[in-house]
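J.: need a structure here:
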Amino acid sequence: MTIREYFSFIVDEIHSTVIATVDDNDLPVTCAIDIMDFDENGLYFLTAKGKGFYDRLKKQGFIALTGMRGKDTLSCVAVSVRGKVREVGTTLLPTLFQKNPYMNELYPSVESMSALTVFQLYEGSGEWFDLSKKPIERAGFTFGGGKDNQERYFVTDKCIGCKLCYSRCPQKCIDIEKKPVVIQQEHCLHCGNCYEICPVRAIEKRGGSL
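T.: Below you'll find the predicted structure:
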């Protein structure tokens, strides 16, 4: 999928996401936020300037969000994104209200809309996670110059070909025809079973830094 396809899925298919920020005590805070539009430069959402969420966005300039679509866990597609945000002001408000007409019920007058401002998620990385596929499918993506920070397991040259990792893998996503064996990242649950069972510690976890 392209970045625009990921963004389109978030806006059009998921729309309502949970966004995490951090408060002044370094404790996590979550908010339910609609992602209202996208373009080649990022994702767009709005908030009121009187909210604590606005203050946290301005102080930190960084968020993490997750949205899900599906009737139950095994039919679910989840998309998570983390990255830098910036306030872009009120210029886009008419466009966001036109594309999201339910907002007129919440802020019915020009005067009431004066409390609102728009933010852009302009740089970051994301992950697509599809539990409806067998085996599961996952993919990472970056945008705006963001770095890929996903945690992944990799098999090193220490591998002795014992295949114990494959025996524990719930998705059977390890190619044991090769040595060292190869983890098929697009199907991996990141459960760590292979890492735990490897008798020669040939499997490493990499990534995960900001």
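J.: neighbours around the nearest residue to residue 202 once chain neighbours are set aside, how many?
T.: Computed as CB to CB, 6 or more residues apart in numbering, the closest residue to residue 202 that is not its neighbour in sequence is residue 158, at 3.7 Å. (Glycine included, C-beta is placed from N, CA and C.) By the criterion of other CB atoms under 10 Å, residue 158 has 12 neighbours.
J.: same thing with the one 3 residues further on?
T.: For residue 161, the neighbour count with other CB under 10 Å is 11.
J.: name the nearest residue to it, sequence neighbours excluded.
T.: residue 179 (4.6 Å).
J.: what pairs with the residue most central in space within the chain across the strands?
T.: In the chain, the residue lying closest to the centroid (CA atoms, centre = their mean) is residue 80, at 1.5 Å. Beta-bridge pairing for residue 80 (DSSP bridges): residue 66, residue 127.
J.: wait, a helix at residue 148?
T.: No: according to DSSP: H, G, I helix; E, B strand; the rest coil, residue 148 belongs to no helix; its state is coil.
J.: list the contacts for it?
T.: Shown in contact with residue 148 (CB atoms under 8 Å, 6 or more residues apart in numbering): 125, 140, 142, 207.
J.: how much space between it and residue 139?
T.: Per CB to CB, to the nearest Å, residue 148 is found 11 Å from residue 139.
J.: what ranges does this structure have for its helices?
T.: 3-8, 52-60, 93-99, 103-106, 110-113, 164-168, 193-197 (DSSP state H).
J.: of these, which is nearest residue 76?
T.: In terms of CB to CB, the element of the helices of the chain nearest to residue 76 is helix 3-8, at 16.1 Å.
J.: next, the buried residues of the closest one.
T.: For helix 3-8, a neighbour-count test (16 or more other CB atoms under 10 Å) marks 6-7 as buried.
J.: re earlier: the residue nearest to the centre of the chain and residue 129 touch, don't they?
T.: Yes: at 7.4 Å, residue 80 and residue 129 qualify as touching, with contact defined as CB atoms under 8 Å.
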